[in-house]
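Q: With the input below, show me the fold.
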Amino acid sequence: MEKTIFASDLDNTLLFSHKHARPGDLCVEYLEGKAQGYLTGETPELLARVMKKALFVPVTSRSMEQYLRISFPQTCRPRYALTTNGAFLLVDGKPDPQWARESEELVAPWRPRLEEALGALEAWPAPKRCRIVDGMFTFAACDTPEEAQALAEAMRDAFPLDMGVTGRKVYFFPPPINKGAALDRLRSRFDAERVLCAGDSPIDGPMLGRADVAIAPRGILPEQGGPARREWDGSGRFYTFVLQQVLWEVDGETAC
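A: Residues are numbered from 1 along each chain as shown. This next block holds a predicted model:
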């Protein structure tokens, strides 16, 4: 059997907040005692079926600490995960030393720029939280998506960093730290012959573009070229659509 990796974004791709939870969904993350992150009730079974055929690796911009808050059910608990936008490979919850050293070397020349971006964000008048995440990128969370867009516009081209905006969050990444570069490293690490990727935002774009099969909502993928695409048209739930498509790709199965 060919070596297949299923590399997937988490938030709003497989995992979702309490605001989107429905009866029967499964809470797998708590923050300060409050329900925070959910999977659909069918996700554990579907993921377990996927994991019989492919290596499942979450790829998230969450920090290591934020990722480790998630309690995946035992039947679908991934051994590996890429956190901090791909800067760290966790193996059984612990950072892989070689991967971390490589990422440190890649980010070292960009540290002054990350500090510069943090200073500019701290001076921004709109309410926000900002920090450097795991030493790898600069992040700000605003109160509303509108404030995030205004902040992004004000900071656009201010630093030689890659900027991403999702909802209320604004990110400044060193160019070597992106999900696409991490996917290339992951493919090499496991000598994968085929990689299936799922994501929901432009931050996932570099990863989706390097996949053999990319699964995303309509409008996320480039209009032409790139990998084979499986686009969600908005019907049903995206989280289920993702796993249905992966099951079909790895074994011609469909999710019941």
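Q: List phi and psi for the nearest residue to residue 103 once chain neighbours are set aside.
A: Spatial nearest neighbour of residue 103, chain neighbours left out: residue 87 (4.3 Å); criterion: C-beta to C-beta, 6 or more residues apart in numbering. The C-beta positions use only the backbone N, C-alpha and C, and glycine is treated the same way. The phi/psi pair for residue 87 (degrees, to the nearest 10) reads phi -70, psi -20.
Q: what sits against residue 87?
A: 100, 103, 107, 134, 136, 137, 177, 182 (C-beta atoms under 8 Å, 6 or more residues apart in numbering).
Q: 6 Å instead, please
A: 103, 136, 177 (C-beta atoms under 6 Å, 6 or more residues apart in numbering).
Q: Give me the buried subset of these.
A: Among these, those classed as buried by neighbour count (16 or more other C-beta atoms under 10 Å) are 103, 136, 177.
Q: Would you mind measuring from the last one to residue 154?
A: I take that to be residue 177. 23 Å (C-beta to C-beta, to the nearest Å).
Q: Nearest residue to the middle of the chain?
A: residue 60 (2.8 Å; C-alpha atoms, centre = their mean).
Q: Surely it is in contact with residue 10?
A: Yes. Residue 60 lies in contact with residue 10 (C-beta atoms under 6 Å); the separation is 4.6 Å.
Q: Residue 5: which element?
A: strand 4-8 (DSSP states H and E).
Q: Can you show me the CA trace of that strand as CSV?
A: The C-alpha coordinates for strand 4-8 follow below in CSV (Å, rounded to 0.1, in the frame of the first residue of the first chain):
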residue,chain,number,x,y,z
THR,A,4,-0.4,8.2,2.5
ILE,A,5,-0.5,11.2,4.8
PHE,A,6,-3.7,13.0,5.7
ALA,A,7,-2.5,16.4,6.9
SER,A,8,-5.4,18.5,8.1
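Q: In PDB, list the C-alpha atoms belonging to stretch 65-81.
A: Below are the C-alpha coordinates for stretch 65-81, written out as PDB (Å, rounded to 0.1, in the frame of the first residue of the first chain):
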ATOM      1  CA  GLU A  65       0.100  24.500  24.700                       C
ATOM      2  CA  GLN A  66      -3.100  25.200  22.800                       C
ATOM      3  CA  TYR A  67      -2.900  22.000  20.800                       C
ATOM      4  CA  LEU A  68      -2.300  19.900  23.900                       C
ATOM      5  CA  ARG A  69      -5.600  21.100  25.400                       C
ATOM      6  CA  ILE A  70      -7.400  18.900  22.900                       C
ATOM      7  CA  SER A  71      -8.300  15.500  24.200                       C
ATOM      8  CA  PHE A  72      -8.800  13.400  21.100                       C
ATOM      9  CA  PRO A  73     -10.800  10.200  21.800                       C
ATOM     10  CA  GLN A  74      -8.400   7.200  22.100                       C
ATOM     11  CA  THR A  75      -9.700   5.600  18.900                       C
ATOM     12  CA  CYS A  76      -8.600   8.600  16.800                       C
ATOM     13  CA  ARG A  77      -5.700  10.100  18.800                       C
ATOM     14  CA  PRO A  78      -3.000  11.200  16.400                       C
ATOM     15  CA  ARG A  79       0.600  10.300  17.400                       C
ATOM     16  CA  TYR A  80       2.100  13.200  15.400                       C
ATOM     17  CA  ALA A  81       1.000  16.800  15.100                       C
END
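Q: from the middle of its chain, how far away would it be?
A: 13 Å (C-alpha atoms, centre = their mean, to the nearest Å).
Q: Okay, buried residues for it please.
A: 66, 67, 70, 72, 76, 77, 78, 80, 81.
Q: from those residues, which two are the most distant?
A: Greatest spatial distance among the buried residues of stretch 65-81 (C-beta to C-beta): 66 and 76, at 19.0 Å.
Q: Within its sheet, name the partner strands of the strand holding residue 5 and how each one runs.
A: Strand partners for strand 4-8, identified by DSSP bridges, are recorded as strand 55-58 (parallel), strand 194-198 (parallel).
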